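Colleague: how would this look folded up:
(chains A and B)
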Amino acid sequence: MTRDARETDTPRPIGPDRKTRDAGLILPLAGLVALMPPAGQILAVEGTLLGVPVVVLYVFLVWALLILLAYRLARRLNGAPERPDGC
Amino acid sequence: MLTADRLWLYCIAYVAVLFLVAWIGERRASRGKMAWLRSPVIYTLSISVYCTSWTFYGAVGSAARNGLEFITIYLGPTLVFIGWWWCLRKLIAIGRRQRITSVADLISSRYGKSAALGVLVTLIAVVATTPYIALQLQSVAQSYAAITGDVDQTRTAFWVAVGMAVFTVLFATRSVDANERHHGVVVAIALEALVKLAAMLAVGAFVVFGVMGGIGETFARMPQDLIVAEEVFGPRWATLTFLSATAIILLPRQFQVTVVENADEGHLATASWLFPLYLFLMCLFVLPIAIAGLTTMPPGANPDMFMLTVPLASGQDGLALLAFIGGFSSATSMVIVAAIALSTMLSNHVVMPLALRWRERDGATSGDLRDLLLISRRVCIASLLGLGFLYFQLAGGSENLAAMGLMAFAGIAQVLPSFVGALYWRGATGRGALTGMIAGFLLWAYTLLLPSFGGGVFFSEAMLATGPFGVELLRPQALMGLTGFDPLLHALIWSLGINVLLFVVVSQLSRPAALELVQSAEFVDVFRTPGPEARPLIRREAAAEDLFILAQRILGAEPARRLFEDMARAQGRERGLPVPTDEVIARLERELAGSVGAASSHAMVSRASGSEVVSLTELIDIADETQRLISTSARLAEKTSELERTAAELREANTRLRALDAQKDDFLSQVSHELRTPMTSIRSFSEILLDPDLDATSRTRFVGIIHEESMRLTRLLDEILDINRLESGVMDLPLAVIDAEEAVIGAVRTLAPAAAEAGVVLLPHRPLSGQKLWASPDRLRQVLINLISNAIKYNESPEPQVEIAWHVDGKSLCIDVIDNGGGVSHAEAEEVFSKFVRGRRSAGNQGAGLGLPISRIAMRRMGGDLTVIFREDQTSFFRVRVPRIGGQGSKAAAGAEGQPAAE
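Modeller: Sure thing, here's the model as predicted:
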């Protein structure tokens, strides 16, 4: 009796903890800050590194880092780690 | 050398492969083999329909013109996807619950299933997508021209448009799916995504390492003014990122693949990083290819075609072909999905409402609407490609690809304020959304779309330069004298600015309609609402037959029958139509919404079910956030009280267990005590016997005592075993039909000698005439003997006598054993049935005190009982109750039976 009530009354399964959920919001905001005018302007300087303009390197590196963090975050937000087949 | 015929052949072969893949996908889906179709990778790849030929050719062109700026088009979507938890997840949850079929459906559904909003968003989407489709036609035509040298791009564009229309019609409109999913198309799109990526990476790798000789070398030859670090992160950079972030959610084709075709909310988690990774890889070689084009191609070469011309110039025909197929792939996937999405919108929000209105006027209510739906979708697809071709004819050629794409982005961005309001702002109203969007859309058309045709089509050169009627303030590209911005930013500031302003202000000033309140709660609080099934809010009445006919017209005979059977079964009805309750009507409306959109479905169901009434209290209940919180805490409180009840029950059970445990301890100590007494005497007499000097007489006497004690010990152990087996139910009591008189008289006869010895007179009442009992003969006899012998033993009366009386009481026979010693007291009455307790009168007597408990248990096992009955003078006697055969015997017979004299 009590068990039934518990199963039907729960509005949704309890998701990831607050820290993880907050990380889900912080990550895109951090990406926004890093890639938008004021912050980007400071870090993107004239000149080259390994033959590639620093600004190009900067944008691509931030981008790659965001993808990596999103990958790790997605596994935590989605609960059980998910293995995409063959990619 | 690639010839024109060859190229056509390759294209047709490629399309045939796509067709095959889509067909296999569709077949597997229809057979229920969905496992690989539903994989998150397929889902992610289908989202990459975002990368159109604008990405494939245009990104390089844009990089060659504006340096790093092209990347913003991919940064916006990246940010949206890595922030999926806060926006896309909610959007998909809403989409699935409300059975949203398109972005127009979403907006219309949220703002009270408004038909007007559906039409407006559809219009915006069509107008914004037309340049986009034109862009695809143009890029295919241009690339074809770049390879073959064919100058007649119009002809190519025309045939490409026709081919795409045929493919889309064949694949997307074979049936009206209940939830508008196109599994086959999604698989084909996923394959195209792989082809695009492979072509891009192949060309990029060849250019960097084959033509330029390495990454460092490539950038070393980069024109100095291509990337100026200080100018990269400017206002245009931010604007484009914002626009692309908007587009990834709101472009009709993106909404289609991300929300409508989503099969599992969990797939979004994979897409959140895999899709940005896909974009990252697509962009990796864009800048090097642009640099290679700029440095190796003759000046004046079209930068949009560097993807083709650079390999061609190096004599790499195979690579050029791969690049051509990649571009073709990008174009076809975009056109197919966009055409599907837009045709769904058009048929659901424009054609269907009109058809309903016409039919109503004609008085026709029957007829299959599915044919109409399918035909309208096919016509819409053909018209959309026709429109795209027309735009290409009017405005194409002169424009660069990126500018055309951005214009589309800015157009669809007009939906953004209403969209954000739909998901996050409960106060947003349909009137606000309508006003904001109309104003924004008109401003967009005036400042961006119409000028894009150039002077002479819609606006004359003079008007563009000096404003209509010479009013400078109204110049399309410098409205109100706002200059100094590039045209895109200028258009965006005006259109989106006014849009947001009107949306917010009008929303605040207007009052939402009832249905709007309901929907706003369902949308904004999607994760806190128990789901639309939980409680229908709208009271409606309809005839089940009307609803069934309606469902048949939209869904088709078979699916409608299945749906209604399901609903009837849910109500517990085996056959026939379900009772048209509010739940049934609400569910039907949702099911139909999956096919024709929320507004049309709502209109149709409302027509069948008559006027609707939303009860005020319910409305307040769901619409008010406080109420929602209260109901949540009420649920919690309910749960808490339930927990408390359970805890109390547990406490009670625990107390009972403790009592039982104490009883068990008591019992054990009693048993030990009872065993100890005979054991002690046996031991002490044995010790005396060990003395060799003992005379024979004493020896015999002591051996006699030992024998007696061991007999008592054996009896006690037997009794304990007996009671244990009786209580646990291990022992079977063989029940039989026995004669009542025989049982009673038998017991009396057995005890007659003992009674005579004790000087007790036994007084059995007059005989029972043929009463039959259902009992265990031995046990009943044992019980009676026990009772009578107790009555003999413990009788302290000077003239002891024991009466044995009986009478019939309904289904049982009562046998009373009454001694004139007074019986037990009230306090003793229950105690005597506890183990090892003897009545006060038994003080000097021997016995374990197990007789009465055993007797009571035995009687109860037989379906009878053993109780103490008190008379008015506080004397008591024992009553045995035994089940009787023919218990329903007449009262007359019962009256003739012997009655106890004691009454």
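
Colleague: looking at the chain, which helix is longest?
Modeller: Picking chain A for this. helix A:54-77 (DSSP state H).

Colleague: looking at chain B here, not the other one
Modeller: Of all segments of type helix in chain B, defined using DSSP H, the longest is helix B:625-689.

Colleague: what's the distance between that helix and the middle of its chain?
Modeller: Centre-to-centre, helix B:625-689 and its host chain are 43 Å apart (Cα atoms, centre = their mean, to the nearest Å).

Colleague: the strands in the chain, which residues?
Modeller: By default, I'm working from chain A. Using DSSP state E, the strands assigned to chain A run over residues A:48-49, A:52-53.

Colleague: right idea, wrong chain: chain B
Modeller: Listed in chain order (using DSSP E), the strands of chain B are B:538-539, B:613-614, B:736-739, B:761-764, B:772-775, B:801-809, B:812-819, B:865-870, B:876-883.

Colleague: contact partners for the spatially most central residue of chain A?
Modeller: Centre of chain A computed as the mean C-alpha position; nearest residue by Cα atoms, centre = their mean is A:A70, 3.1 Å away. Neighbour list for A:A70: A:27, B:81-82, B:272-273, B:276 [criterion: Cβ atoms under 8 Å, 6 or more residues apart in numbering or on different chains]. Glycine gets a C-beta too; all of them are placed from N, C-alpha and C.

Colleague: from these, pick the one nearest B:V783.
Modeller: Distances from B:V783 to the contacts of A:A70, taken as Cβ to Cβ, are shortest for B:S272 (79.6 Å).

Colleague: now do the contacts for the closest residue to B:L281 other than its chain neighbours.
Modeller: The shortest distance from B:L281 to any non-neighbouring residue, by Cβ to Cβ, 6 or more residues apart in numbering or on different chains, is to B:L197 (6.2 Å). When the contact criterion is Cβ under 8 Å, 6+ apart, the partners of B:L197 are B:48, B:278, B:281-282.

Colleague: identify the farthest-apart pair in these.
Modeller: B:S48 and B:L281, at 10.1 Å, using Cβ to Cβ across the contacts of B:L197.

Colleague: so which of those two has more stuff around it?
Modeller: The residue with the greater number of neighbours, taking B:S48 and B:L281 and applying other Cβ atoms under 10 Å in any protein chain shown, is B:S48; the counts read 26 against 13.

Colleague: burial measure for B:F667, as a count.
Modeller: Around B:F667 there are 16 other residues, counting by other Cβ under 10 Å.

Colleague: from B:A205, how far out is it?
Modeller: When Cβ to Cβ, to the nearest Å is applied, the distance between B:F667 and B:A205 equals 90 Å.

Colleague: go on, B:A104?
Modeller: Relative to B:A205, B:A104 is positioned 42 Å away (Cβ to Cβ).

Colleague: and the two? which has more neighbours close in?
Modeller: The neighbour count for B:A104 versus B:A205, taken as other Cβ under 10 Å, is higher for B:A104 (33 against 14).

Colleague: now the more buried one: closest residue in space that isn't a chain neighbour?
Modeller: B:V121 (3.8 Å).

Colleague: who's in contact with that neighbour?
Modeller: For B:V121, the residues meeting the contact criterion (Cβ under 8 Å, 6+ apart) are B:103-104, B:107-108, B:345, B:349, B:415, B:437.

Colleague: pLDDT and distance to B:I12 for those residues - can I get that in CSV?
Modeller: Converted to CSV, the contacts of B:V121 look like this (pLDDT from 0 to 100; distance: Cβ to Cβ, whole Å):
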residue, pLDDT, distance to B:I12
B:V103, 90, 33
B:A104, 90, 34
B:I107, 92, 39
B:S108, 89, 40
B:M345, 87, 30
B:H349, 86, 35
B:V415, 93, 37
B:M437, 94, 42
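
Colleague: what number of residues lie near B:H707?
Modeller: Counted with other Cβ under 10 Å, the neighbours of B:H707 add up to 12.

Colleague: B:N302 now?
Modeller: Other residues within reach of B:N302 by the criterion other Cβ under 10 Å amount to 18.

Colleague: show me what contacts it?
Modeller: Under the criterion of Cβ under 8 Å, 6+ apart, the contact list for B:N302 reads B:61, B:142, B:146, B:309.

Colleague: what's the farthest-apart pair in those residues?
Modeller: Checking the contacts of B:N302 with Cβ to Cβ, the most distant pair is B:G61 and B:A146, at 12.2 Å.

Colleague: go ahead and confirm B:G210 touches B:A313.
Modeller: No: with contact defined as Cβ atoms under 8 Å, B:G210 does not count as touching B:A313 (11.8 Å).
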